[in-house]
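K.L.:
Fold the following, please.
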Amino acid sequence: MKKENNNIETILKNKKYLWLVTGVAGFIGSNILEKLLLLDQKVVGIDNLSTGFNENLKSVNKIVGNKRWKNFKFFKGDLSSLKNCQKIIKNVDIVLHQAARGSIPKSIKNPIATNKDNITCFLNILSVAKDNNVKSFVYASSSSVYGDSKHLPKIENRVGKVLSNYALTKKVNEKYADLFFQLYNFKTIGLRYFNVFGKRQNPNGDYAAVIPRWINNVKMKKKIVIFGDGKTSRDFCPIDNVVQANILSGVKKLKKKNYVFNVGTGSRISLIKLCKEIYFAFKTPSSKHMIVYKNFRKGDIKHSLSSIKNISKTIGYRPKISFKEGISSTINWFKLN
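P.N.:
Reported below is the predicted structural model:
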């Protein structure tokens, strides 16, 4: 039996697709864009630049060079406009939908805006993709859909009660995708991200994730804030693994039309240990005086750990970058930027 090739470089070596990446100027979107252009693919991207940045696109341009950059076309706009969706979808083969309002605390403060960005925009691009017969539609879901489920590791068919408006929007995305398969036989793959981190992740503002924020704080000699007792654990997933999962999902020809997969490393680390790892990387002794403990936030999940058996078996996903490799390269990137 011939062994299936799951290396994206080899798969795309002699194949050219037109990819649509939404949220292309954001952290995850810009990393996907970089990889696709390095693989000599053509990419259309859209971003309203509310949480994405032109600096991310300039960074990608610098890395891939001007020749490959010509394979990218950028639209500044919002997916809440159906006209925008119809404009960017023309001749697209594969959609990688990353655009979203991604903060749990912000979703609790502003459920209406979260609903618009995460459900209305999702339904618009999903519908337009279906109408234009795109070959593959991959979208970003979230481990937050597991809610209050205490089962570890998290398995795709065992979810609990959602704990935030953000988690609810991601669950609705999955329901819409499932319904589009039932009604229209339209292929979708949802990727439940587990705490993604890496280069170009914004350490500031309301949407800052824990790793870039803490790295920046240690770099600037500011205090680190831990919500809870520090024993909370997470499956932190390096961005390279998420990029791999998106591209593999886009190009794999699957018998079934609708999937939802976990994307993580299959390992976890406590927040207090993470804190010590960052201090150690900066060769700075961790001090109790530099760590502030606050109450758990509404919507936060106590422990998170992904089972990656399904995605590994179905599309050949293997985490190429371990947490330790990822945190090391991320810290080095922040030191230089």
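K.L.:
shaky segments in the protein?
P.N.:
Low-confidence segments of the chain (pLDDT under 70): 1-4, 205-208, 286-287.
K.L.:
what ranges do the helices span in it?
P.N.:
Under the criterion DSSP state H, the chain carries helices at the ranges 8-11, 27-38, 54-69, 82-88, 104-109, 111-115, 121-131, 165-184, 210-219, 239-251, 271-281, 309-315, 323-336.
K.L.:
so can I have JSON lines of the ones you listed showing distance to residue 203 and mean neighbour count?
P.N.:
For every residue, glycine as well, the C-beta is placed using N, CA and C. Shown next, in JSON lines, are the helices of the chain (distance: least, Cβ to Cβ, whole Å; neighbours: other Cβ atoms under 10 Å):
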{"stretch": "helix 8-11", "distance to residue 203": "29", "mean neighbour count": "14"}
{"stretch": "helix 27-38", "distance to residue 203": "11", "mean neighbour count": "25"}
{"stretch": "helix 54-69", "distance to residue 203": "13", "mean neighbour count": "15"}
{"stretch": "helix 82-88", "distance to residue 203": "30", "mean neighbour count": "17"}
{"stretch": "helix 104-109", "distance to residue 203": "16", "mean neighbour count": "17"}
{"stretch": "helix 111-115", "distance to residue 203": "22", "mean neighbour count": "15"}
{"stretch": "helix 121-131", "distance to residue 203": "26", "mean neighbour count": "21"}
{"stretch": "helix 165-184", "distance to residue 203": "20", "mean neighbour count": "18"}
{"stretch": "helix 210-219", "distance to residue 203": "4", "mean neighbour count": "20"}
{"stretch": "helix 239-251", "distance to residue 203": "14", "mean neighbour count": "24"}
{"stretch": "helix 271-281", "distance to residue 203": "12", "mean neighbour count": "18"}
{"stretch": "helix 309-315", "distance to residue 203": "29", "mean neighbour count": "17"}
{"stretch": "helix 323-336", "distance to residue 203": "7", "mean neighbour count": "17"}
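K.L.:
got CSV for those, with distance to residue 296 too?
P.N.:
What follows is these, written out as CSV (distance: least, Cβ to Cβ, whole Å):
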stretch, distance to residue 296
helix 8-11, 39
helix 27-38, 25
helix 54-69, 32
helix 82-88, 38
helix 104-109, 12
helix 111-115, 20
helix 121-131, 29
helix 165-184, 16
helix 210-219, 14
helix 239-251, 26
helix 271-281, 11
helix 309-315, 30
helix 323-336, 23
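K.L.:
quick one: which of the ones you listed is nearest residue 141?
P.N.:
In terms of Cβ to Cβ, the element of the helices of the chain nearest to residue 141 is helix 165-184, at 4.9 Å.
K.L.:
wait, which of the helices of the chain is closest to residue 298?
P.N.:
Nearest to residue 298 among the helices of the chain is helix 104-109; the distance by Cβ to Cβ comes to 5.8 Å.
K.L.:
Against which helices or strands is the closest one packed?
P.N.:
Contact partners of helix 104-109 among helices and strands, from 3 or more Cβ pairs under 8 Å, 6 or more residues apart in numbering; DSSP states H and E: helix 165-184.
K.L.:
ok, and what's touching the helix it packs on?
P.N.:
With contact meaning Cβ atoms under 8 Å, 6 or more residues apart in numbering, helix 165-184 is reached by 100-104, 106-108, 111, 114-115, 118-119, 122-123, 126, 130, 137, 139, 141-142, 144-145, 147, 159, 162, 186-188, 190, 192, 257-258, 260, 299.
K.L.:
could I have it exported to CSV, CA atoms only?
P.N.:
The C-alpha atoms that make up helix 165-184 are tabulated as CSV, following Å, rounded to 0.1, in the frame of the first residue of the first chain:
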residue,chain,number,x,y,z
ASN,A,165,-20.3,34.7,23.8
TYR,A,166,-17.2,34.1,21.8
ALA,A,167,-17.4,30.3,22.4
LEU,A,168,-21.1,30.4,21.4
THR,A,169,-20.3,32.1,18.1
LYS,A,170,-17.7,29.4,17.3
LYS,A,171,-20.2,26.7,18.1
VAL,A,172,-22.8,28.4,15.8
ASN,A,173,-20.1,28.5,13.0
GLU,A,174,-19.7,24.7,13.4
LYS,A,175,-23.5,24.2,13.3
TYR,A,176,-23.8,26.3,10.1
ALA,A,177,-21.0,24.3,8.5
ASP,A,178,-22.7,21.1,9.4
LEU,A,179,-26.0,22.3,8.1
PHE,A,180,-24.4,23.4,4.8
PHE,A,181,-23.1,19.9,4.4
GLN,A,182,-26.5,18.4,5.0
LEU,A,183,-28.4,20.8,2.8
TYR,A,184,-25.9,21.5,0.0
